[in-house]
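In: When you get a sec, could you give me coordinates for this:
(one chain, ligands or ions: 1)
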Amino acid sequence: MPTVAVVCGSRSDLPSLKGCFDVLDEYGIGWEASVISAHRQAETLHAYVDQAERAGVQLFIGAAGLAAHLPGVLASLTAKPVIGIPLDGGSLGGADALYAVVQMPPGVPVATVAIGSAGAKNAAHLAARILALSDDAVADRVTAVRADQAAMAELRIDPRA
Ligand code: RP5
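Out: The predicted structure is shown next:
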């Protein structure tokens, strides 16, 4: 049973999300990914969220570009945490998607990460930190990943590197 449901608006979004999937794997978090457009498949999206919640999904990650309403619509359909990834597929370099994802009205929050691949990785890191509040195994992995990051930062100041 997946703990995290990742939904993106188009197959064209999938390459940007590889880092998200890799990081979720790094934490040992079960996930499933779906391509469902909020604009083109609204009823399918509604049905998917119902089914995912019944299957035990604890957190949703939504990713979309252009007028990126998918994460916000996810947040309208569930009381679970929603993390939004604005993608950079359009002529505005992702600023369009960023504004669409981050500017949610009060009471319907979407935790918005950076544009594109960097944000996709952070969506998974943030998901891990949220899930770690109630999952000791994930909490241990969060601690380990942070220690790895600190060790890597120390390596980077080695003048021989
Ligand atoms: C958004 O429109 C999708 O998330 C994608 O980023 C963008 C373009 O979609 P396609 O035309 O490639 O399907 O809804």
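
In: for the chain, what spans make up the strands?
Out: Assigned by DSSP state E, the strands in the chain fall at 4-8, 31-35, 59-64, 82-86, 111-112.

In: got the angle between the fourth one and strand 59-64?
Out: Taking axes from the mean of the first three to the mean of the last three CA atoms, to 10 degrees, strand 82-86 and strand 59-64 form an angle of 20 degrees between their directions.

In: how about strand 82-86, does it get close to the ligand?
Out: No: under the criterion of CB under 6 Å from any ligand atom, the ligand is not reached by strand 82-86; the shortest gap measures 9.4 Å. (C-beta placed from N, C-alpha, C; glycine too.)

In: looking at this structure, which helix or strand is least sure?
Out: Ranking every helix and strand in the chain by mean pLDDT, DSSP states H and E puts helix 136-156 at the bottom, with a mean of 91.

In: Comparing the strands of the chain, which comes out most buried?
Out: strand 82-86 (a mean of 30; mean count of other CB atoms under 10 Å).

In: That one - which strands sit beside it in the sheet, and in what orientation?
Out: Taking DSSP bridges as the criterion, strand 82-86 forms sheet pairs with strand 59-64 (parallel), strand 111-112 (parallel).

In: Tell me which residues are up against the longest one.
Out: Applying CB atoms under 8 Å, 6 or more residues apart in numbering, the contact partners of strand 59-64 are 3-10, 13, 16-17, 20, 38, 49, 52, 70-74, 78, 80-87, 97, 100-101, 110, 120, 123-124, 127, 130-131.

In: same thing but 7 Å
Out: Residues from elsewhere that reach strand 59-64 (CB atoms under 7 Å, 6 or more residues apart in numbering): 3-9, 13, 17, 20, 70-71, 74, 78, 80-85, 87, 97, 120, 123, 127, 130-131.

In: quick one: buried residues of the least confident helix or strand of the chain?
Out: 138-139, 141-142, 145 (16 or more other CB atoms under 10 Å).

In: before we move on, what about stretch 98-115?
Out: 98, 100-102, 104, 110-115.

In: Need those residues in CSV (columns: distance to the ligand).
Out: Putting the buried residues of stretch 98-115 into CSV (distance: CB to the nearest ligand atom, whole Å) gives the following:
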residue, distance to the ligand
Leu98, 13
Ala100, 10
Val101, 11
Val102, 16
Met104, 17
Val110, 15
Ala111, 18
Thr112, 15
Val113, 15
Ala114, 16
Ile115, 12
